[in-house]
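>>> predicted model follows, preceded by the sequence.
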Amino acid sequence: MPVSHFFLMTLYALIVSLFFAILWRRDRRDQVRLLLQMFLGLVGGALLLAWLMYPFPSGPPVPIP
């Protein structure tokens with residue numbers, strides 16, 4: 001069963017956000033707020049970066065005839 005890169009990216013973002021939210025905040029409400037901010041920042045930042053890189057080719061340059 002193939003797993004998409006987007007799923008793995010969101011899973012990684014969720015795990016990292018959960019870890020730092022528990023590590024850095026004591027109150028449950030603050031933990032949830034930080035978790036959401038970090039998760040949306042990581043996923044949104046990755047999507048924004050992918051959108052900015054989209055016009056650039058991903059392969060080797062095409063030779064000029």
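Perfect, thanks for sending it. Residues are numbered from 1 along each chain as shown.

>>> which residue packs closest to A46, ignoring adjacent ones?
M9 (5.8 Å; Cβ to Cβ, 6 or more residues apart in numbering). (Each C-beta comes from the backbone N, C-alpha and C, glycine too.)

>>> my read is that the one you found contacts G44, right?
No. Counting by Cβ atoms under 8 Å, M9 stays clear of G44, with 11.3 Å between them.

>>> who has more neighbours, those two?
M9 (15 against 11; other Cβ atoms under 10 Å).

>>> where's that one relative to G41, distance?
Going from M9 to G41 by Cβ to Cβ, to the nearest Å gives 13 Å.

>>> same thing with V16?
Distance from V16 to G41, by Cβ to Cβ: 11 Å.

>>> same check on L47?
From L47 to G41 the distance is 11 Å (Cβ to Cβ).

>>> returning to that earlier point: distance of the residue nearest to A46 from M53?
Applying Cβ to Cβ to M9 and M53 gives a distance of 14 Å.

>>> what does M1 give?
28 Å.

>>> cool, F19 as well?
Distance from F19 to M53, counting by Cβ to Cβ: 27 Å.

>>> quick one on the thing from earlier: comparing M1 and M53, which shows the higher neighbour count?
M53 (9 against 2).
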